[in-house]
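# model the following, please.
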Amino acid sequence: MATPRDKVERALRFISQRTATASNKNSLKSSPTQQLTKKKGNQLNFVDLGSGDGTAILAAASLGWNATGLELNPTLWFVSSLRRLFSHRTIRTNSQLVMGDMFQNETAKKRLRVANCVMIFGVQPLMPKIADLVQRECHPGCFLMSYRFRVPLLTNATSDVKKNADTIRDQDDVAKASSSSGIDATVIYDKEDMRIYELKRQ
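Reported below is the predicted structural model:
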């Protein structure tokens, strides 16, 4: 089952607004030249690990993100490629679909290292392994979107989860923070089964 497109778009708009607000604050401290450089390279990078039929990738690309989807299943990869092929030229320009294993694909790792946001809709048993991949490859400040299934949080993130309990509807997220593997992150969005985590900055 694909992630509903409207939920993906709402979450991405939330991240875009949050990123824009942070950029505006930082631009006040930078020189006009630095501000101009930031404006020229302001396209955000989105990676979907297990992109399925391409719904999230096409949604992200339509909103102006540079979107890359990784899918192991050749049938789903083919379906998503067809959907991309028959999409608007702007969406095709802003998107790329790669077939392969997210844990072994070098393209996936390269994309994760420059990603502003990563999307996952994995089965529960795989979540710790996916979380470790994201924690290892993604930079601090990267956003992680997860539909339905919770992402395990590192033990040392427990106190921060409790501090931000007002943003978490389900206290199971706090209980899951005792996991020995996971991401060092804070939940910043929790609506309609969609959660957004922000990897902690060093």
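
# ranking helices and strands of the protein by mean pLDDT, which lands last?
helix 32-40 (a mean of 37; mean pLDDT, DSSP states H and E).

# next SSE downstream of that helix?
With elements assigned by DSSP states H and E, the helix or strand that comes after helix 32-40 is strand 45-49.

# so the residue nearest the centre of the chain: helix, strand or coil?
Closest residue to the average C-alpha location of the chain: Val118 at 2.1 Å, with Cα atoms, centre = their mean. Three-state call for Val118 (DSSP: H, G, I helix; E, B strand; the rest coil): strand.

# so who does it touch?
Residues in contact with Val118 (Cβ atoms under 8 Å, 6 or more residues apart in numbering) are Phe46, Val47, Asp48, Leu49, Leu112, Val134, Cys138, Cys142, Phe143, Leu144, Met145. C-beta here means a position set from N, CA and C on the backbone, and glycine is covered the same way.

# mind putting those into a markdown table with distance to Arg195, neighbour count and pLDDT?
Shown next, in a markdown table, are those (distance: Cβ to Cβ, whole Å; neighbours: other Cβ atoms under 10 Å; pLDDT from 0 to 100):
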| residue | distance to Arg195 | neighbour count | pLDDT |
| --- | --- | --- | --- |
| Phe46 | 16 | 30 | 98 |
| Val47 | 17 | 33 | 98 |
| Asp48 | 15 | 31 | 97 |
| Leu49 | 15 | 26 | 95 |
| Leu112 | 19 | 23 | 96 |
| Val134 | 13 | 25 | 95 |
| Cys138 | 16 | 23 | 96 |
| Cys142 | 15 | 24 | 97 |
| Phe143 | 11 | 25 | 98 |
| Leu144 | 8 | 24 | 97 |
| Met145 | 7 | 26 | 97 |
